[in-house]
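Peer 1: sequence-free structure coming up:
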């Protein structure tokens, strides 16, 4: 299923590209490819999750960066 994709990286929660619809695998590849260098240097990795329509108001993929504990 293709959904709009938002990123929490340097774009501050904006659409990756206007009108961008990707599968979860495509969003994961995009997140891995476009991780900011300072986060990559600190050991962060890209994570993709599907938003909840009840909480977020719509269903979309969100790319965020984090570290494993």
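Peer 2: Good, I have the coordinates. Quick caveat, the model's predicted, so the values are computed rather than measured.

Peer 1: rest of the way, CA atoms for contacts and neighbours
Peer 2: Noted.

Peer 1: first vs last residue of stretch 41-49, how far apart are they?
Peer 2: One end of stretch 41-49 to the other measures 23 Å (CA to CA, to the nearest Å).

Peer 1: Which of the three states applies to the residue lying closest to residue 7 once chain neighbours are set aside?
Peer 2: Nearest in space to residue 7, with sequence neighbours left out and distances taken as CA to CA, 6 or more residues apart in numbering, is residue 63 at 4.6 Å. Following DSSP: H, G, I helix; E, B strand; the rest coil, the label given to residue 63 is strand.

Peer 1: State the distance from residue 63 to residue 1.
Peer 2: Residue 63 is 16 Å from residue 1, where distance means CA to CA.

Peer 1: cool, residue 60 as well?
Peer 2: In this view, residue 60 and residue 1 are 10 Å apart by CA to CA.

Peer 1: between these two, who's got more neighbours?
Peer 2: Neighbour count, other CA atoms under 10 Å: between residue 60 and residue 1, residue 60 has more, with 20 against 6.

Peer 1: Tell me where the model's unsure across this structure.
Peer 2: Across the chain, the ranges flagged by pLDDT under 70 are 8-14.

Peer 1: top helix in it by residue count?
Peer 2: Secondary structure of the chain per DSSP state H: the longest helix is helix 24-33.
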